[in-house]
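Student: with the input below, show me the fold.
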Amino acid sequence: MKAVILAGGLGTRLKPYTTVFPKPLMPIGESPILEIIIRQLKARGFDEITLAVGHLAELIMAFFNDGSKYGLKIDYSREEKKLGTAGGLGLLKNRLKDDFLVMNGDVLTSLDFSEFLAFHKRTGSKATIALNQRHVDIDFGVIELDSDRRLRGYTEKPRIDYLVSMGVYAFHESILEYIPANPYLDIPDLMKRLLADGETVNGYIHEGYWLDIGRPDDYRKGQ
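Tutor: Next comes the predicted model:
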């Protein structure tokens, strides 16, 4: 199985650490977050990984080399300019076949990546997004009015649940038709292109552990 890990970001939210140190090499315990991800992928049967690198690429390439020390193959796609989270896949059109996994290089999760990819294959869709449930607590009474400003509802301190993208995706190779070579493109805009063209995009809800360690609060939790 094939995975592409997006490891080229600037890590702006974790500055000043990421000024001289790429975010995927930020430690969680005794290991860089990217090494944890690669070992998880290996344990789930992935045997080929492409690291999309940019910011401080040399440090990442020197650390992981060809992947032989992890028992799998690692190669690299180096972006000379910012292409966004989806645009970089346009550089890999000759290297991506069938269905494959794409994920951010700063995701700490208990998601079973192989089961996620298998779910995607069963649906036959072009794209599947891994989702996690989050909520926000409102500290006030929330009022609903109609168009004449008459009261229609009053909920005291409600909790609002919502689903967020985990930064983990499964794609079919046909999605590359929607990614032109070199222009900047982020994955949310790619999803909008698919929907506008009538394509089906599925969600896969993961109820287990998930942190985006690119956020300072989540990084501290991951320690």
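Student: so who does Gly87 touch?
Tutor: Ile179, Asn182, Pro183, Tyr184, Leu185, Asp186 (Cβ atoms under 8 Å, 6 or more residues apart in numbering). C-beta: built from backbone N, CA, C; applies to glycine.
Student: next one, pLDDT for the first one please.
Tutor: To tie it back to what came earlier, the one meant is Ile179. pLDDT for Ile179: 93.
Student: distance check, it against Thr85.
Tutor: 11 Å (Cβ to Cβ, to the nearest Å).
Student: try Ile138
Tutor: Taking Cβ to Cβ, one finds Ile138 at 31 Å from Thr85.
Student: now the most centrally placed residue in the chain: phi and psi?
Tutor: Residue closest to the average C-alpha location in the chain (Cα atoms, centre = their mean): Gly167, at 2.1 Å. When read as degrees, to the nearest 10, the backbone of Gly167 gives phi 80, psi 20.
Student: could you find the closest non-adjacent residue to it?
Tutor: Asn104 (3.7 Å; Cβ to Cβ, 6 or more residues apart in numbering).
Student: and that neighbour, backbone torsions?
Tutor: According to degrees, to the nearest 10, Asn104 has phi -70, psi 150.
Student: quick one: the helices in the chain?
Tutor: 33-43, 57-64, 84-87, 113-123, 187-196, 216-222 (DSSP state H).
Student: which residues touch the fifth one?
Tutor: Helix 187-196 is touched from outside by Gly84, Thr85, Ala86, Val102, Lys126, Ala127, Ile129, Tyr169, Ile175, Tyr178, Ile179, Val201, with contacts defined as Cβ under 8 Å, 6+ apart.
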